[in-house]
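**Student:** Below is the sequence, then the predicted model.
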Amino acid sequence: MIASPCARDFAKRNILKAMAKICRNLAGSSATTRHPRVETVRQTAAVPASLPVASTAAQAYRGRAQFTKLPGIMMKQILFPILAALVVGFGLMAYDKSRGAEWVVSPEEIAQAQAAGKPGVDSRPGTVTVLPIRSETADALPFKWAMAGIAAGLVAFSSMRRKKKAA
């Protein structure tokens, strides 16, 4: 796996150079081509004039390439569960944040009470809270969101798998 963008660009340029060389050799001669980054390609038949040289070179190179593309159905089987996991995880996070699950007494509540002229929020009769109090379960909320997202992704993945055909 190529990590840096510069290395990716360098690899792309080398692949394009190799493809251009293959195209020239397939169009011009039937000799064996040697390139440091490409395996040997030998032309077995004459290139038909009706086919563009690039498509013929791509066909000749296709068997030698180490790169594979996932078919469209596989992409759906992978992307749908990932999308479902993200939607459920972020949706649950937004729901918890909207109802204030992270705080017993939030800073906004204290600010509203102080704006109304009170020293703080009356949490119980005779008790005034002047500092925000975090919920005891606030640290576990990200795990809850992640687990819900993973569970949704697994359910979506299992529902998208291919069924075995009965014999």
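**Tutor:** Everything's here; your move.

**Student:** just so I have it, where are all the helices in this structure?
**Tutor:** 5-28, 53-62, 72-99, 107-115, 141-160 (DSSP state H).

**Student:** Contacts made by the last one with the rest, please.
**Tutor:** Under the criterion Cβ atoms under 8 Å, 6 or more residues apart in numbering, residues 76-77, 80-82, 84-90, 92-93, 96, 101-102 lie in contact with helix 141-160. Backbone N, C-alpha and C define where each C-beta goes, glycine included.

**Student:** Export it to CSV, keeping only CA atoms.
**Tutor:** Taking C-alpha atoms only, helix 141-160 is exported to CSV below (Å, rounded to 0.1, in the frame of the first residue of the first chain):
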residue,chain,number,x,y,z
LEU,A,141,-21.7,7.3,25.9
PRO,A,142,-19.2,7.1,23.0
PHE,A,143,-19.0,3.3,23.6
LYS,A,144,-22.8,3.1,23.5
TRP,A,145,-22.8,5.0,20.2
ALA,A,146,-20.1,2.9,18.7
MET,A,147,-21.7,-0.4,19.8
ALA,A,148,-25.0,0.6,18.4
GLY,A,149,-23.4,1.5,15.1
ILE,A,150,-21.5,-1.7,14.9
ALA,A,151,-24.6,-3.7,15.7
ALA,A,152,-26.5,-1.9,13.0
GLY,A,153,-23.7,-2.5,10.6
LEU,A,154,-23.7,-6.2,11.4
VAL,A,155,-27.4,-6.5,11.0
ALA,A,156,-27.2,-4.7,7.6
PHE,A,157,-24.2,-6.9,6.6
SER,A,158,-26.0,-10.1,7.4
SER,A,159,-29.1,-9.0,5.6
MET,A,160,-27.1,-8.1,2.5
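
**Student:** okay, the angle between it and helix 72-99?
**Tutor:** Here the directions of helix 141-160 and helix 72-99 differ by 150 degrees (axes from the mean of the first three to the mean of the last three Cα atoms, to 10 degrees).
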